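Visitor: sequence plus the predicted model coming up.
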Amino acid sequence: MFLTRRALSRRDFLTMVGGASAAGVLAACAPSPSLRAQPSYVDPGGPQVLAAEARRPTTGRIVTASLTPRPLQVDLGGRVVSTWAYGPQLAAREFRVRVGDRLRVSLRNQLPRPTTVHWHGLALRNDMDGVPGLTQQAVPTDGKFDYDFVVPDAGTYFFHSHEGVQLDRGLYGPLVVEDPADPGGDVDQVLVLDDWLDGVAGTPDQQLATLRRGMSMGGNSAHSGMAGMPGMGAESAPGMAMPMSSLLGGDAADVSYPLHLINGRPGNDRYTLTAPTGGKVRLRLINAGSNTAYRVAVGGHRLTVVATDGRAVQPVEVDAVLIGMGERYDVELRPSSGVWPIFALAEGSTTGGAALLRTTDVRSSVAPDPNTQPAELSRQVLTYRQLRPAAGQILPGRRPDRTFTVAHQGSMATYQWSLGADAGKLDIRAGERVRLVLKNISSMWHPVHLHGHTFALTDFAGVRKDTVRLLPGQTLTIDLDADNPGRWMYHCHNVYHQSVGMMTSMRYLT
Ligand code: C2O
Ligand code: CU
């Protein structure tokens, strides 16, 4: 059932990804290193990066904040669990800035392990991108790092640890970049979706070990860790079939999570959003999950999709939105008077996260059960085919200067996920139009994410994104302008796939 093709070992990949050692690998492969010039790459803090930063328009306003990742206890609906997070209210540390502001965040690492902060989706200066071993050294325990950059584009983003599987703990938060020209609405609300196991069913590191061990032994033990967890449906019992989704082309996820959170809260303590009846409500949906795609709907309402991954699209009305890990969607609605369920279905399963939408005119405290799944979930779900870039978001047509083919390969049986050989050669030059042909030759979907750029999906009307769902057997062609010099990660945003090797980097040559 699962295909294994040319899987590179994790060690090969770490070697290829590591910025400094990559040149050594290339040289070692060359027939005669002394005769072949080694490629020289832009340094994360090099003059090209500083020049690009100096060109970014700025408001002159400086926004300062601090992040102190640390071990702590969080209350998940009455269940107190130990985790690592930036604060006791998961996902509550929202950064809201204006485009052109300078964001200065001082990180103080109080975790027992090194960490970094990555600003997901922002085309920021390379040395602030927060990728350990590529753009900076990981910040050790008790160490500090000052992130300091001009915020380049308006839209919905998030920040998270980029070290190991730390994203699957509480180390994430929303980042909203406001556009002063945006008329806004009555309510502008972030909803961060997250699949949660830390402190409830082991830790993410234990989960990773289980995936690597369990699958190679031929069992389905990756799904067995959550047996008997309260709130688990029968579908996640050990030995049962994996969650399947036709929208994701089959196998939907590797891990069954005991909890699904919206804004850091489980269904029995769900987040409540209040809004005036008929008012304009914008929901900024962010999937900060590690292994779960979510299908989101609001009972009794249709949703008008206005942006994805921070980029405006021509408004399109649907009943529900499917969101892969790392993707963001801004949707708008005008609520009817009442108390309405918001549900984020873990795609392919029967469980999910819940929140409430309550209009201000409702006095009664009666609310739908948190397990209420709106009928909208099984109506019209947004597809990429329905998306069109908004007028200001069109990448002008141009012949690519370089084309790379990146094969996404691997297998659940050995739990080795990797990228094909071309992925080790994503060397580009500033000013080029770059084309990547993404091929999925595995039997599972992958949310593919590129740092520091937004690409145009040529198969879908050129809609701009930084994270795209690549289905089994699918080939997608993405185009981008090389306008942000540096060394940029390219990886699957399934954090377990990423950490076993489905990652590489795209590097600017000097
Ligand atoms: Cu959310 Cu490498 O990214
Ligand atoms: Cu993947």
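Guide: Structure received. Numbering: from 1, shown residues only. Ligands and ions are numbered 1, 2, ... in the order given.
Visitor: any figure for the gap between His301 and ligand 1?
Guide: According to Cβ to the nearest ligand atom, to the nearest Å, His301 stands 29 Å off from ligand 1. For glycine as for every other residue, the C-beta is placed from the backbone atoms N, C-alpha and C.
Visitor: surely that residue touches Gly338?
Guide: No - the criterion here is Cβ atoms under 8 Å, and His301 misses it with Gly338 at 9.9 Å.
Visitor: and those two? which has more neighbours close in?
Guide: More neighbours sit around His301 than around the other of His301 and Gly338, counting by other Cβ atoms under 10 Å; the figures are 20 against 15.
Visitor: so what's that one closest to, chain neighbours aside?
Guide: Taking Cβ to Cβ, 6 or more residues apart in numbering, and ignoring the residues beside it in sequence, His301 has Leu333 as its nearest neighbour in space, at 4.8 Å.
Visitor: report the beta-bridge partners for that neighbour.
Guide: Val281 (DSSP bridges).
Visitor: which ones are touching it?
Guide: With contact taken as Cβ atoms under 8 Å, 6 or more residues apart in numbering, Leu333 is in contact with 281, 283, 298, 301-304.
Visitor: relative to Asp188, how far out is the residue of the stretch 201-350 of the chain found nearest ligand 1?
Guide: Ranking the residues of the stretch 201-350 of the chain by distance to ligand 1 (Cβ to the nearest ligand atom) places Gly326 first, at 5.0 Å. Distance, Gly326 to Asp188, by Cβ to Cβ, to the nearest Å: 21 Å.
Visitor: and the two? Which one has more around it.
Guide: Ranked by neighbour count (other Cβ under 10 Å), Gly326 and Asp188 place Gly326 first, with 29 against 17.
Visitor: hang on, that one packs against His120?
Guide: Yes - using Cβ under 8 Å, Gly326 and His120 qualify as a contacting pair, with a distance of 6.4 Å.
Visitor: per-residue pLDDT, the most centrally placed residue in the chain?
Guide: By Cα atoms, centre = their mean, the mean C-alpha position of the chain lies nearest to Gly326, the distance being 1.6 Å. The per-residue pLDDT reported for Gly326 equals 98.
Visitor: now the one 5 residues further on
Guide: At Val331, the predicted lDDT confidence score is 98.
Visitor: wait, what's in contact with the residue of the stretch 201-350 of the chain closest to ligand 1?
Guide: When the contact criterion is Cβ under 8 Å, 6+ apart, the partners of Gly326 are 120-121, 287, 447, 449, 466-467, 493.
Visitor: if I pick the nearest residue to Asp481 once chain neighbours are set aside, what's in contact with it?
Guide: For Asp481, ignoring the flanking residues on the chain, the nearest one in space by Cβ to Cβ, 6+ apart is Arg433 at 6.0 Å. Residues touching Arg433, when contacts are defined by Cβ under 8 Å, 6+ apart, comprise 398-401, 479-482.
Visitor: show me the shaky parts of the stretch 151-300 of the chain.
Guide: Filtered on pLDDT under 70, the stretch 151-300 of the chain yields the residue ranges 214-241.
Visitor: tell me the residues of the protein that contact ligand 2?
Guide: 446, 492, 494, 497 (Cβ under 5 Å from the ion).
Visitor: mind checking which of those are in helices?
Guide: Among the residues of the chain next to ligand 2, the subset assigned to helices under DSSP state H consists of His497.
Visitor: restricted to strands, list the residues of the chain next to ligand 2.
Guide: Helix and strand membership here follows DSSP state E; of the residues of the chain next to ligand 2, those in strands are 446, 492.
Visitor: doesn't Gln207 lie inside a helix?
Guide: Yes - remark: Gln207 belongs to a helix, assigned using DSSP: H, G, I helix; E, B strand; the rest coil.
Visitor: please enumerate the strands of the stretch 201-350 of the chain.
Guide: The residue ranges that make up the strands of the stretch 201-350 of the chain, judged by DSSP state E, counting those that start in this stretch, are 244-245, 250-251, 259-262, 271-275, 281-287, 294-298, 303-308, 311-318, 321-323, 328-333, 339-346.
Visitor: neighbouring strands for the strand or helix carrying Leu191, and are they parallel or not?
Guide: Secondary structure assignment for Leu191, by DSSP states H and E: strand 187-196. Here strand 187-196 is paired, per DSSP bridges, with strand 259-262 (antiparallel), strand 281-287 (parallel).
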